[in-house]
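> Take a look and give me a structure for this.
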Amino acid sequence: MNREQKKELIAELAGLFGSTTTVVVTHYKGLTVAELEDLRRQMRAAGASFRVTKNRITRLALAGTQFEGLADLFVGPTAIATSEDAVAAAKVSVEFAKKKDKLVVLGGSMEGKPLSVADVEALAKLPSLDELRARLIGMITTPATRVATVAQAPAAQLARVFNAYATKE
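Sure thing, here's the model as predicted:
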């Protein structure tokens, strides 16, 4: 890799770190290519990305970004999981690490705040942004549904009473 390619890669990674909210750093030693592709596919489905990185280039790209504190984690065979959704990268990384013990979560950062392994695992347990939106919409529409049911109940009861009188005679 020549200097120009390295500069382009550093600029690309710096742009990635500038546009993401969450970064999870992992060790992937011992995973097969098929397992890495499966992990990437799961990340894409969740709206995140997974990328094997060169440590020195990544440390250079981290300089001046909100994730600068992660530089110490880049030792050995590292990869990063990134997402704009605060939960997606952590959730997929932790779930995959539970299935495949060769993927080890080292830590991460969310909007510049460093996260330990325990913090990443706690973040993974939270519902995603889409799940929270669905819950909120459900809570908003539930009272309206109940009001409609209560409003219909007296009319339905009257109709049953009239029907009972009509069938009685």
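> For the helix or strand of the chain with the lowest mean pLDDT, name the packing helices and strands.
For the chain, the helix or strand with the lowest mean confidence is helix 129-168, at a mean of 75 (criterion: mean pLDDT, DSSP states H and E). Applying 3 or more CB pairs under 8 Å, 6 or more residues apart in numbering; DSSP states H and E, one finds that helix 129-168 contacts no other helix or strand. All C-beta atoms are positioned from the backbone trio N, CA, C, and that covers glycine.
> Flag every buried residue along it.
Within helix 129-168, no residue is scored as buried using 16 or more other CB atoms under 10 Å.
> From Arg3, how far off is Ala61?
Note on Ala61: its distance to Arg3, by CB to CB, to the nearest Å, is 15 Å.
> Next: Phe67.
24 Å.
> how about Gly76, what does it touch?
Residues near Gly76 by CB atoms under 8 Å, 6 or more residues apart in numbering: His27, Lys29, Asn55.
> pLDDT at Lys91, what is it?
On pLDDT, Lys91 comes in at 91.
> in which helix or strand would I find Pro114?
For Pro114, the host element (DSSP states H and E) is strand 113-115.
> Now find how far off-centre that strand is within its chain.
Mean C-alpha position of strand 113-115 versus that of the full chain (CA atoms, centre = their mean, to the nearest Å) differs by 16 Å.
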